[in-house]
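Novice: coordinates only, no sequence provided:
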């Protein structure tokens, strides 16, 4: 395909937002995951560009968007998205969100139900599951390790091997290192006060999402991710859950063709139903 991506920036009230854009006709907004930025959607967007106008912003604090020194929250991201859509003159869109982007997309659907035609959630965050609070506490401790403690743990490798602790400590340090490049993702998921995180979780409000929904989930993803997708599927009234059995947690990249096809079929199904309703 010879269609070219267009990169743009716009100044919003909370900061400068960068986005990628391709295609024309029906608008789709793609929101990236916690440990990513908008480039994770490039292959999916390219596959859809002939029939859809695809937008993928870097969320505020991520990628090439501005990282203002303010208190970040899911609601802030929702309002930033609302202002972005108004700025680019999009009245009504389809929303696609992965992980953190799914949490933001579902929150937007609850707050602005008249602004979206359909909702696609890919392994979404944002609901309570068993052990979530304990997991958040563990991640906060891990991310808050002072550099001196990290250095000390690494210096004790010979001893930890003898004691049988080495594998667990090595995994934790590797996980910590992989998360540090994404401070806003860490803050939104783990490093805020637990009471604030819980106030933005969606399980008590999902029944109010009144637009067609579609959930894509990798079958080889973590047990926590599988559990969250099932919560969404159980509580949203107009939703279908589809498992991609061989996929892990990077569906937009590793299964871009499948994801694009599923999004296309979902939206075409909605458009077809609209036409049938008009005829009747």
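Specialist: Thanks, I have the structure now. Keep in mind that what you see is a predicted model, and the values were worked out from it rather than measured. Numbers count the residues shown, from 1 in each chain.

Novice: any idea how far apart the tips of stretch 197-206 sit?
Specialist: Terminal residues of stretch 197-206 lie 16 Å apart, using Cα to Cα, to the nearest Å.

Novice: may I see the buried residues of that stretch?
Specialist: 197, 200, 201, 202, 206 (16 or more other Cβ atoms under 10 Å). Backbone N, C-alpha and C define where each C-beta goes, glycine included.

Novice: just stretch 222-242 next, same as before
Specialist: Within stretch 222-242, the residues scored as buried using 16+ other Cβ under 10 Å are 225, 226, 228, 229, 230, 231, 232, 233, 235, 236, 239, 241.

Novice: the fifth one contacts residue 241, correct?
Specialist: Yes: contact status for residue 230 versus residue 241: in contact at 7.2 Å, counting by Cβ atoms under 8 Å.

Novice: so which residues of the chain form strands?
Specialist: Along the chain, the segments classed as strands by DSSP state E run 6-12, 15-23, 26-31, 52-57, 93-98, 116-122, 213-218, 239-244.

Novice: turn those into CSV, columns for distance to residue 72 and mean pLDDT.
Specialist: CSV is the format used below for those (distance: least, Cβ to Cβ, whole Å; pLDDT from 0 to 100):
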stretch, distance to residue 72, mean pLDDT
strand 6-12, 14, 96
strand 15-23, 11, 97
strand 26-31, 15, 97
strand 52-57, 15, 98
strand 93-98, 17, 98
strand 116-122, 21, 97
strand 213-218, 25, 97
strand 239-244, 28, 96
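
Novice: winner for burial among the ones you listed?
Specialist: Highest mean neighbour count among those (mean count of other Cβ atoms under 10 Å): strand 93-98, with a mean of 27.

Novice: pairing partners for it, with directions?
Specialist: Sheet partners assigned to strand 93-98 using DSSP bridges are listed as strand 26-31 (parallel), strand 116-122 (parallel).

Novice: show residues contacting the longest helix seen in the chain.
Specialist: Longest helix in the chain by number of residues (criterion: DSSP state H): helix 256-279. If you take Cβ atoms under 8 Å, 6 or more residues apart in numbering as the criterion, helix 256-279 is touched by 26, 28, 43-44, 47-48, 51-52, 94, 96, 117-118, 120, 122, 212, 214, 216, 242, 244, 247, 251-252.

Novice: tabulate the strands paired with strand 93-98 (a markdown table), appending distance to residue 170.
Specialist: Output for the strands paired with strand 93-98, formatted as a markdown table (distance: least, Cβ to Cβ, whole Å):
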| stretch | distance to residue 170 |
| --- | --- |
| strand 26-31 | 33 |
| strand 116-122 | 30 |
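
Novice: helices of the stretch 51-200 of the chain, start to end?
Specialist: 74-87, 100-111, 132-143, 147-155, 157-163, 166-179, 183-186, 194-200 (DSSP state H, counting those that start in this stretch).

Novice: now do the first one, average pLDDT.
Specialist: What that stands for is helix 74-87. Per-residue pLDDT values over helix 74-87 give a mean of 97.

Novice: nearest residue to residue 245 in space, please, no chain neighbours.
Specialist: The shortest distance from residue 245 to any non-neighbouring residue, by Cβ to Cβ, 6 or more residues apart in numbering, is to residue 219 (4.0 Å).

Novice: for residue 74, same thing?
Specialist: Of all residues not flanking residue 74 in the chain, residue 200 sits nearest, at 4.5 Å (Cβ to Cβ, 6+ apart).

Novice: in this structure the one you found contacts residue 72, no?
Specialist: No: between residue 200 and residue 72 there is no contact under Cβ under 8 Å: 11.4 Å.

Novice: pLDDT value on the residue nearest the centre of the chain, please?
Specialist: The residue lying closest to the centre of the chain (Cα atoms, centre = their mean) is residue 101, at 2.3 Å. pLDDT for residue 101: 98.
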